[in-house]
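Asker: need the 3D shape of this:
(chains A and B)
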Amino acid sequence: MDIIVCIKRVPQTAEADVTIDYTGKEIEKDRLSFDMNESDSYALEEAVLLKEKFGGEITVISLGHQDTEDTLRIALAKGADNAIRIKAEDFDELDGYKTAQIIKASISDLNFDLIFTGCIATDDAYSQVGVTLAELLDIPHASLVIFIDTSEKRAHVHRELEGGLMEHLDISLPALCTIQTGINEPRYASLIAIRRAAKKEIKVLGKEEIKDENILLNTQIEELFIPPKTKEVEFLTGSPGESAGKLANIFKEKGLI
Amino acid sequence: MNFELTNDQKMLQSEVRKFAENELAPLAPEIDISGEFPKESIKKLAELGLLGIFIPEKYGGSEFDFVSLAIAIEEISRACASTGVIVAVNNSLCGYPILQFGTEKQKQKYLPLLSSGEKIGAIGITEPNAGSDVASLESTAVLDGDHYILNGAKRFITNGTEAGIFIVFAYTNKELKHKGISAFIVDRDTPGFSLGNHENLMGIRATGNCELIFEDCKIPKENLLGEEGQGFYICMNTLDVSRIDIGAQAVGISQAALDEAVKYSKERVAFGKPICKFEMIQNMLAEMATQIHAARMLVYYSAWCKDAGIKRFSKEAAMAKYYAANIAVDVTRKAVQIFGGYGYSKDYTVERLYRDAKILELYEGTSEIQKVVIASELLR
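Answerer: Got it, this is the predicted structure:
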């Protein structure tokens, strides 16, 4: 079973102080650390689990700058066989649609039974690349996948929906799944695997190698900003008695009592 | 000159950091209180290859270099100082002397056990009456047919309660002074070998630290490590390497303290603004960051000396260990100061870091001994 896994290197913004850069369309990334997008790491692990069961090859692909190769190497250390970086520096502004078109053009020579992507990227939260890529390739897809069982020609998948609902689907292969976090427990790369992966070659594709000339951008970011504070939150500290006193004073000041 | 890490070093750093943050840090407060050896964590670290970092692959190790060893120990110690020293001892104080001075048979027998975590390694140098003054140790080993008969006691032995393989130093000829000390590989189940009291330590509390007791302990002759009388040399050589580890542990503990202090100083409000806006706090943060950076460079440099095959790097290793230990105590003290009263509470990580840091100035050669090593190299 041959599987392509699409990976994105994203800034770790969950606990960082995020600021907007001079263009007003991007965040300042200089001081942020980067890592594999969270749901992509689950997608990779799911591919490795299927490879361990059925054999085959895993190709990881990422549209990114040079440092994306660090992330791809980690994917190689965790069980991928081949890695491709598409040079982001060759393609100005990107959106989900344009990224999907570029990936489609980049994998035109590859055989695959399944394509996995993460269900959402933690930086732009578009959730578009996976499903758009499936449409462009004219193959079935399932999003937010939380379970997969495959045979050679079909896959049985579970999708996690809002409100605790689950949907069970039967889809024919080749197909694309966008993988939800929690589907498995991603492994850590062992030191020996890291040492081997560090020496592996990463295939780099630029604009010249990607023949499709009709790659279009559908959306453009107008502005990125941090919403101004509209409300202030004040935490009342001290013993229960003290904070109750402070609260009573606030009520009095506001004329509520 | 190139300060950039190699591809494999960068990958090792990011994976070990992630593992340490997710798997080790959450357990650190708990095992600090209970003093329980983190067996499950050690098993996971073994699976990742972190118990035989520089051990060649043919002996079951990961075959990384010593800069990678320093990076790994820093990242582990940043999450949990106890786990950091457990791993350091297994790698550098037990694995290294066997790799460097062992016979092929000893390497084949013991290194795969250490690298796989099937058996944990420890080392017995310190005795109740012999610490910095290694040559004053009282343990003796007398050759009797095919065995050495070992008698004596060792104190403050990291990994002691859990280890299966011990490197033990004893006199085979007291008249020759330090040239009469020999090193032995001692299996846990050797008759005459038992464990003494568990040490109730101030910091690094989950390291299985205990006494070792040898009463007519029969050690097979083939377990002599190196030659008779080579023990002191083996000990000093091993300590040169392990000082890279302890320097790295100090950097890890210090980095954890700085991270905590930066975060807290942005959140804590006093006199109407976050305390990080006050210059006295900024002064401490700036000093801490600079101290840590300098210590890290010294540690990396001493590890690089080892990787570059420089034969004598005792001075560089002693400088790294001395400086890093010194700043770790200072950096963790400043972190507690920034936290104010909360820093003195067991509910906050910096309290543990402050206690964990103090051992760095004491074990594997006190700071005073490091300065003796540095000065003696200057005055040669």
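Asker: name the nearest residue to B:Gly95, sequence neighbours excluded.
Answerer: B:Leu114 (4.9 Å; C-beta to C-beta, 6 or more residues apart in numbering or on different chains). Yep, even glycine has a C-beta here, placed from its N, CA and C like the rest.
Asker: so who does that neighbour touch?
Answerer: By C-beta atoms under 8 Å, 6 or more residues apart in numbering or on different chains, the contact set of B:Leu114 is B:51-52, B:55, B:90, B:94-95, B:98, B:120-121, B:165.
Asker: among these, which are in helices?
Answerer: Among those, the ones falling in helices (DSSP state H) are B:Ile98.
Asker: scan the helices and strands of chain A for the one with the lowest mean pLDDT.
Answerer: Lowest on mean pLDDT, DSSP states H and E among the helices and strands of chain A sits helix A:240-253, with a mean of 89.
Asker: and that one, how far from the chain's centre?
Answerer: What separates the centre of helix A:240-253 from the centre of its chain is 46 Å, taken as C-alpha atoms, centre = their mean, to the nearest Å.
Asker: give me the pLDDT for B:Gly180.
Answerer: pLDDT, B:Gly180: 96.
Asker: surely it is in contact with B:Lys174?
Answerer: Yes: assessed by C-beta atoms under 8 Å, B:Gly180 is found in contact with B:Lys174 at 5.6 Å.
Asker: compare those two (neighbour count), which wins?
Answerer: B:Gly180 (18 against 11; other C-beta atoms under 10 Å in any protein chain shown).
Asker: list the buried residues of the lengthiest strand in chain A.
Answerer: The residue-count maximum for a strand in chain A (DSSP state E) belongs to strand A:141-150. For strand A:141-150, the neighbour count (16 or more other C-beta atoms under 10 Å in any protein chain shown) marks A:141-146, A:148, A:150 as buried.
Asker: sort those by pLDDT and name the bottom one.
Answerer: With pLDDT as the yardstick, A:Thr150 is the minimum among the buried residues of strand A:141-150, at 91.
Asker: which parts of the stretch 101-250 of chain B are helices?
Answerer: Here the stretch 101-250 of chain B has its helices, by DSSP state H, counting those that start in this stretch, at B:104-116, B:231-267.
Asker: number of residues surrounding B:Glu36?
Answerer: 14.
Asker: my read is that it contacts B:Arg205, right?
Answerer: No: using C-beta under 8 Å, B:Glu36 makes no contact with B:Arg205, being 9.0 Å away.
Asker: so where do the helices sit in the stretch 1-150 of chain A?
Answerer: So, for the stretch 1-150 of chain A - with DSSP H, counting those that start in this stretch - the helices run A:38-54, A:68-77, A:96-106, A:129-137.
Asker: buried deepest among the ones you listed, which one?
Answerer: Stretch with highest mean neighbour count among the helices of the stretch 1-150 of chain A: helix A:68-77 (a mean of 24; mean count of other C-beta atoms under 10 Å in any protein chain shown).
Asker: rounded mean pLDDT for that helix, please.
Answerer: Regarding helix A:68-77, the rounded mean pLDDT is 96.
Asker: that one to helix A:38-54, inter-axis angle?
Answerer: 30 degrees (axes from the mean of the first three to the mean of the last three C-alpha atoms, to 10 degrees).
Asker: what comes into contact with helix A:68-77?
Answerer: A:5, A:7, A:9, A:34-36, A:44, A:60, A:62, A:64, A:80, A:83-85, A:88, A:189-190, A:193-194, A:196-198, A:200, A:202, B:7, B:10-11, B:14-15.
Asker: quick check, pLDDT for A:Glu209.
Answerer: 88.
Asker: tally of neighbours for it?
Answerer: A:Glu209 - counted by other C-beta under 10 Å - has 13 other residues nearby.
Asker: would it count as being in a strand?
Answerer: No: under DSSP: H, G, I helix; E, B strand; the rest coil, A:Glu209 sits outside any strand and is assigned coil.
Asker: ok, now how distant is it from A:Ile107?
Answerer: Distance, A:Glu209 to A:Ile107, by C-beta to C-beta, to the nearest Å: 12 Å.
Asker: likewise B:Lys315?
Answerer: Plainly put, B:Lys315 is 55 Å away from A:Ile107 if you go by C-beta to C-beta.
Asker: kindly report the same for B:Gly343.
Answerer: For B:Gly343 relative to A:Ile107 (C-beta to C-beta), the value is 54 Å.
Asker: ok, these two, which is more surrounded?
Answerer: Between B:Gly343 and A:Ile107, counted using other C-beta under 10 Å, B:Gly343 has the larger neighbour count: 23 against 20.
Asker: so that one touches B:Glu351, yeah?
Answerer: Yes: the criterion here is C-beta under 8 Å, and B:Gly343 meets it with B:Glu351 at 6.2 Å.
Asker: common neighbours of these two, please.
Answerer: Overlap of the contact sets of B:Gly343 and B:Glu351 (by C-beta under 8 Å, 6+ apart) consists of B:Val336.
Asker: hmm, back to that, right, so of the helices of the stretch 101-250 of chain B, which gets closest to B:Leu69?
Answerer: helix B:231-267 (6.6 Å; C-beta to C-beta).
Asker: about what we covered before: from the contacts of B:Leu114, which ones fall inside strands?
Answerer: Short answer: the contacts of B:Leu114 in strands (DSSP E) are B:121, B:165.
Asker: which one of the contacts of B:Leu114 is nearest A:Asn111?
Answerer: B:Gly52 (38.8 Å).
Asker: for chain B, what lies in contact range of chain A?
Answerer: Residues of chain B found near chain A (C-beta under 8 Å from any C-beta of the partner chain) are B:6-8, B:10-12, B:14-15, B:18-19, B:47-50, B:53, B:57, B:62-64, B:266.
Asker: report the contact partners of residue 45.
Answerer: In the absence of a named chain, chain A is used. A:78, A:183-187.
Asker: hmm, no, I was thinking of chain B.
Answerer: Contacts for B:Leu45 (C-beta under 8 Å, 6+ apart) come out as B:19, B:51, B:76, B:83, B:87, B:117.
Asker: columns neighbour count on top of these, output as CSV?
Answerer: Shown next, in CSV, are these (neighbours: other C-beta atoms under 10 Å in any protein chain shown):
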residue, neighbour count
B:Phe19, 22
B:Leu51, 30
B:Ile76, 28
B:Thr83, 28
B:Val87, 27
B:Gly117, 20
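Asker: output the residues you listed as TSV; include the columns pLDDT.
Answerer: Listed next are these as TSV, based on pLDDT from 0 to 100:
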residue	pLDDT
B:Phe19	98
B:Leu51	98
B:Ile76	98
B:Thr83	98
B:Val87	98
B:Gly117	97
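Asker: ok, so of those residues, who is nearest B:Pro274?
Answerer: Closest to B:Pro274, out of all of those and judged by C-beta to C-beta, is B:Ile76, at 31.3 Å.
Asker: can you tell me the SS state at the closest residue to the closest one other than its chain neighbours?
Answerer: Excluding its sequence neighbours, the residue lying closest to B:Ile76 (C-beta to C-beta, 6+ apart) is B:Gly84, at 4.5 Å. With three-state DSSP as the basis, the three-state label of B:Gly84 is helix.
Asker: is the closest residue in space to B:Gly102 that isn't next to it in sequence in a bridge, and if so with what?
Answerer: The shortest distance from B:Gly102 to any non-neighbouring residue, by C-beta to C-beta, 6+ apart, is to B:Leu225 (6.2 Å). Here B:Leu225 sits in beta bridges with B:Ala183, going by DSSP bridges.
Asker: B:Gly365: neighbour count?
Answerer: By other C-beta under 10 Å, the residues close to B:Gly365 number 27.
Asker: B:Phe214 now?
Answerer: 26.
Asker: over to the one 4 residues further on?
Answerer: B:Lys218: 16 surrounding residues under other C-beta under 10 Å.
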